[in-house]
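>>> quick one, structure for this:
(one chain, ligands or ions: 1)
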Amino acid sequence: MFYESTRGGLKSILSAEAIKMGIAPDGGLFVPEKRVELTLEQIGELVGMNYQERAIAILKHFIDDYTDEEIAECVNSAYTSAKFGGSEIAPIYKLNDHLDILELWHGPTCAFKDMALQILPHLLVKAVKKTGETSEIVILVATSGDTGKAALEGFKDVSGTKIIVFYPNNGVSEVQKMQMITQEGKNVYSIAVEGNFDDAQSGVKVIFGDQEINASMEQSGFKFSSANSINWGRLVPQIVYYFSAYADIVKRGEINLGDKVNFVVPTGNFGNILAAYYAMEMGLPVNRLICASNDNNVLADFINTGTYDRNREFKKTISPSMDILISSNLERLLFEITGHNADLINEWMDKLKRDGAYTVDAETKKKISKVFWAGYTNEVETLKTVNCIYEEYKYVIDTHTAVGVDVYDKYVISTGDMTNTIVVSTASPFKFNESVVKAIFGEKVAEGKSEFELLEVLAKGCGLNIPEGLEGLDKKEVLHKTVCSKEEMKEEVKKILGIDN
Ligand SMILES: *Cc1c(COP(=O)(O)O)cnc(C)c1O
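So this is what the prediction gives:
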């Protein structure tokens, strides 16, 4: 399989090269040049496999420049029972006869980012070897919370790599901050930036493009790469769990092989739901992909109107991992839907950069509407959904998942479609415990308590165990204390790498 850039500047790139580069030099994103197609028989074969075997069966079509043995090594190092709290890596919870929940948060950091960031380091290390790269890879990450910890955990002690995470000093939750500043490992660094997420992100972008630091890096045997969802190596492992979920409910007899299902995906950067689209294009029997937004409903508006318009107020919500106004991976969908028309993509992305908005043509809009349905959920509805699901099923969901469940309700009311549906659950309720406790037990119970005290409240109140990754987090030793300004980020990177002027 070869990869090409969505901006048309690059073709015939092997997957190892695409994964190592992260983003294409023309500013585009890498996508497969050809469609991978599986027969229903091949999908049926997944039913008898475990998660690791399913992952190998899917990945080998996309990264065929890796040997079967290399793929197996990556998969088996990433998806272990030790890291995912049991042999079921991505279990299905049956809520009722129409609705299943795909729990993607059993990994070490309690959010779905682990599904990709546990395997990406292994894919990247092999990519470095395969492409004859001799430099040590330095991963730079700017995070609003979940990606940073998942990337630190994934790259921890992976030889041939270093990882440096920048997070906004006052822009992450207590749990997220403690997760990052207590991170163990010989090659990991997390640094607080005085500013917001945009400051951290633009600071990282400046470093990526800085000629001087890149030259000294090369001299000292280092090379930068990226671990965010623009990297194909982060997207491709996410295709696997859509097949796995489907195979699981066939196995349980909830549907017959070949029956269609809907997937509902709580969406931010459009990475997760795009993986579902690739699965559907490969032949997974899907009726509709339902895109669920929070109050930052730029995507829901786009899918419903054909106009993408980021010129709106950025809202801080209780589903913060979906607080985003520029969904980078939408570019990949547009490229696929227009039959790989790089000219159109360049036109729309230029408009987005210049005016903050673009409108797709009627045919493209129609094609998108055929596959996707979109809606959004406000803050009050989110809390109410967490509460209702607990009252009705004694099942605890986090705020992001609640956005998915509520948008599903709106979908059913609007369409009357009773196709079997799977809601993708993206975080453990313990990770966003403050809102979850408020929703289930009322404001008063949460008042005056830290997020760490609330872990106990949630566990006791709902009869659940605190996930290993969050247990005792407040008592762990703080190992990373550096705080810097946006302007000092480059100096911090140089200090860590021992590069002098
Ligand atoms: C990152 C994240 C999302 C959004 O996923 P995208 O791939 O960016 O659409 C949703 N929920 C949680 C908990 C996340 O961490």
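
>>> please count neighbours and contacts with C-alpha atoms only from this point.
Will do.

>>> what's the first-to-last distance across stretch 482-490?
Using C-alpha to C-alpha, to the nearest Å, the end-to-end distance of stretch 482-490 comes to 13 Å.

>>> now it: buried residues?
483, 484, 485, 486, 489, 490 (16 or more other C-alpha atoms under 10 Å).

>>> which ones among the residues you listed are found in strands?
483, 484 (DSSP state E).

>>> format the buried residues of stretch 482-490 as a markdown table; extra columns: pLDDT and distance to the ligand.
A markdown table is the format used below for the buried residues of stretch 482-490 (pLDDT from 0 to 100; distance: C-alpha to the nearest ligand atom, whole Å):
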| residue | pLDDT | distance to the ligand |
| --- | --- | --- |
| 483 | 97 | 24 |
| 484 | 97 | 25 |
| 485 | 96 | 25 |
| 486 | 94 | 23 |
| 489 | 97 | 24 |
| 490 | 96 | 26 |
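
>>> which of the buried residues of stretch 482-490 sit farthest apart?
Pairwise distances across the buried residues of stretch 482-490 peak at 12.8 Å for 483 and 490 (criterion: C-alpha to C-alpha).

>>> can you map out the helices along the stretch 351-500 of the chain?
Per DSSP state H, counting those that start in this stretch, the stretch 351-500 of the chain carries helices over the ranges 362-371, 379-393, 399-415, 433-441, 443-446, 451-462, 489-497.

>>> got the angle for the fourth one vs helix 379-393?
Spelled out, that is helix 433-441. Interaxial angle, helix 433-441 versus helix 379-393 (axes from the mean of the first three to the mean of the last three C-alpha atoms, to 10 degrees): 60 degrees.

>>> would you mind getting the angle between helix 433-441 and helix 399-415?
Using the same axes, to 10 degrees: helix 433-441 against helix 399-415 is 50 degrees.

>>> avg pLDDT for helix 433-441?
Mean pLDDT, helix 433-441: 97.

>>> centre of the chain to it, how far?
Distance, stretch centre to chain centre, for helix 433-441: 24 Å (C-alpha atoms, centre = their mean, to the nearest Å).

>>> what helices or strands is it leaning on?
helix 379-393, helix 443-446, helix 451-462 (3 or more C-alpha pairs under 8 Å, 6 or more residues apart in numbering; DSSP states H and E).

>>> what residues are shared contacts of residue 483 and residue 490?
Here residue 483 and residue 490 have no joint contacts, going by C-alpha atoms under 8 Å, 6 or more residues apart in numbering.

>>> quick one: low-confidence parts of this protein?
The chain contains residues with pLDDT under 70 at 501.

>>> list the beta-bridge partners for residue 92.
residue 102 (DSSP bridges).

>>> element containing residue 265?
strand 261-266 (DSSP states H and E).

>>> what's the helix or strand just after that strand in contact with?
The helix or strand immediately downstream of strand 261-266 is helix 271-281, counting by DSSP H and E. By C-alpha under 8 Å, 6+ apart, the residues outside helix 271-281 that reach it are 35-37, 229, 235-236, 238-240, 242-243, 263, 265, 267, 286, 289, 291, 329-330, 332-333.

>>> make it 6 Å
238, 239, 265, 286, 329 (C-alpha atoms under 6 Å, 6 or more residues apart in numbering).

>>> most surrounded residue in the residues you listed?
Counting neighbours by other C-alpha atoms under 10 Å, residue 265 comes out on top of these with 29 neighbours.

>>> close enough to count as contact, that residue and residue 422?
No. Contact between residue 265 and residue 422 fails when scored by C-alpha atoms under 6 Å: they sit 8.8 Å apart.

>>> for whichever helix in the chain runs longest, packing partners?
Counting by DSSP state H, the longest helix found in the chain is helix 232-251. With contacts taken as 3 or more C-alpha pairs under 6 Å, 6 or more residues apart in numbering; DSSP states H and E, helix 232-251 sits against helix 271-281.

>>> so the helix it packs on versus helix 362-371, what angle?
Going by the same axes, to 10 degrees, helix 271-281 makes 90 degrees with helix 362-371.

>>> please renumber the chain so that the first residue is 640 from this point on.
Will do, 640 is the new start, and the previous item becomes helix 910-920.

>>> what residues does stretch 999-1007 touch?
Contacts of stretch 999-1007 (C-alpha under 6 Å, 6+ apart): residue 945.

>>> the same query, at a cut-off of 7 Å, please.
Contact partners of stretch 999-1007, identified using C-alpha atoms under 7 Å, 6 or more residues apart in numbering, comprise 942, 945, 946, 976, 977.

>>> also stretch 733-747?
722-724, 728-732, 750-751, 753, 884, 1057, 1059-1067, 1108.

>>> repeat that with 6 Å
So stretch 733-747 is in contact with 722-723, 729-732, 750-751, 753, 1059-1067, 1108, going by C-alpha under 6 Å, 6+ apart.

>>> just stretch 955-971 next, same as before
907, 908, 909, 910, 949, 1038, 1039.

>>> which strand or helix spans residue 931?
strand 925-932.

>>> direction included, what does that strand pair against?
Taking DSSP bridges as the criterion, strand 925-932 sits next to strand 900-905 (parallel), strand 1011-1015 (parallel) in its sheet.

>>> quick one: closest of these to the ligand.
For these, proximity to the ligand was assessed by C-alpha to the nearest ligand atom; strand 900-905 is nearest, at 5.3 Å.
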